[in-house]
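Student: coordinates only, no sequence provided:
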């Protein structure tokens, strides 16, 4: 465990030195504050809690932005060090390859988690400073949104680690990472929608649809945040889906956790078989 923490600390220091932490935090904070102030008007007009509006906006932003940031951070975690020759130096110490993967994963998730907590926390701080009234249910939904955002980021960090461990060079890893982002964030849902339109409910029944939604971490994240809390789902226009999807928040969180653990295990396996 101590070795893993040392490697995680190295990743955090590298993130600070490369300005990843600062840039990611400022980006998330800037976008969160913009969405907070832009959402103040519709919340007053509809009678919705202002923090519920922020949750809906930030959830949609997270689906597009956080996976991309996670993949950019993690896609060269292994292959980059192999090309620079530093991986051989690292492995010359009494460090196991699984410890390298776990340490890098922990450090990169810590960087992403810090940026998410501070960046999105700025939105809540801005609402409090404006004198907005926020009830306990909205605070709970907001805390769940931040936690699940970090879990979504962890899933894509793990995917990035696997891409990095399995790729032969940084250019290939970067191309695959962009392709993975396009598939999970854009192409998958468009293909699923087209399939449902063509199928007309013959094959894609409710259980099949649930399985297909859980097969994409961004869909599991979307369902958890936009249907998991009644106050948010009503404003997000997904109250009907919340009733028909029949997936509990714990199941959706479990799917996100599985999306973090499975690629991490594959990354460890790929790195253990890699010749340096």
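Tutor: The structure has been received and is ready for your questions. Being a predicted model, the structure only gives us computed values, none of them experimental.

Student: helix or strand for residue 261, which one?
Tutor: helix 249-272 (DSSP states H and E).

Student: check contacts around the nearest residue to residue 216 once chain neighbours are set aside.
Tutor: Nearest residue to residue 216 in three dimensions, chain neighbours excluded: residue 188, at 5.1 Å (CB to CB, 6 or more residues apart in numbering). Backbone N, C-alpha and C define where each C-beta goes, glycine included. When contacts are counted by CB atoms under 8 Å, 6 or more residues apart in numbering, residue 188 is found next to 216, 218-219.

Student: and residue 188, how far is that from residue 181?
Tutor: According to CB to CB, to the nearest Å, residue 188 and residue 181 sit 11 Å apart.

Student: over to residue 66?
Tutor: Residue 66 sits 11 Å away from residue 181, taking CB to CB as the criterion.

Student: how about residue 36?
Tutor: In terms of CB to CB, residue 36 sits 26 Å off from residue 181.

Student: same question, residue 267
Tutor: To residue 181, residue 267 is 17 Å away according to CB to CB.

Student: and the residue nearest to residue 216, helix, strand or coil?
Tutor: helix (DSSP: H, G, I helix; E, B strand; the rest coil).

Student: go on, the one 10 residues further on?
Tutor: The three-state assignment at residue 198 reads helix, by three-state DSSP.

Student: and residue 131, by the same measure?
Tutor: coil.

Student: and stretch 12-20, average pLDDT?
Tutor: Regarding stretch 12-20, the rounded mean pLDDT is 79.

Student: can you offset everything so residue one is 10?
Tutor: Okay, residue one is now 10; in that scheme the one you just asked about reads as stretch 21-29.

Student: pull out the buried positions in that stretch.
Tutor: 21, 23-24, 29 (16 or more other CB atoms under 10 Å).

Student: out of those residues, name the ones that lie in helices.
Tutor: 21, 23-24, 29 (DSSP state H).

Student: and residue 27, its phi and psi?
Tutor: Torsion angles at residue 27 (phi, psi; degrees, to the nearest 10) stand at phi -90, psi 0.

Student: oh sorry, the question was meant for residue 217
Tutor: Dihedral angles (degrees, to the nearest 10) for residue 217: phi -70, psi -40.

Student: distance of it relative to residue 192?
Tutor: On the measure of CB to CB, residue 217 and residue 192 end up 20 Å apart.

Student: tell me the buried residues in stretch 271-285?
Tutor: In stretch 271-285, counting by 16+ other CB under 10 Å, buried: 272-273, 275-280, 283.

Student: what does that stretch rub up against?
Tutor: Applying CB under 8 Å, 6+ apart, the contact partners of stretch 271-285 are 87, 91, 96-97, 100, 106-107, 109-111, 114, 164, 167-168, 170-171, 173-175.

Student: please apply the same query to stretch 83-99.
Tutor: Contacts for stretch 83-99 (CB under 8 Å, 6+ apart): 20, 109-110, 113-114, 117, 165-170, 172-174, 176-179, 182-183, 185-186, 276, 280, 283, 285.

Student: can you rerun that using 6 Å?
Tutor: 113, 117, 166, 169-170, 172-174, 176, 179, 182-183, 186, 280, 285 (CB atoms under 6 Å, 6 or more residues apart in numbering).

Student: output the below-cut-off pLDDT ranges for the stretch 160-285 of the chain.
Tutor: 210, 238-255 (pLDDT under 70).

Student: just how off-centre is the helix or strand encompassing residue 186 within its chain?
Tutor: Assessed by DSSP H and E, residue 186 sits inside helix 179-191. The chain centre lies 17 Å from the centre of helix 179-191; the measure is CA atoms, centre = their mean, to the nearest Å.

Student: that helix: which residues count as buried?
Tutor: Quick answer for helix 179-191 (16+ other CB under 10 Å): 179, 182-183, 185-186, 189-190.

Student: let me know the closest of those residues to residue 148.
Tutor: Minimum distance to residue 148 across the buried residues of helix 179-191 is 31.2 Å, recorded for residue 190 (CB to CB).
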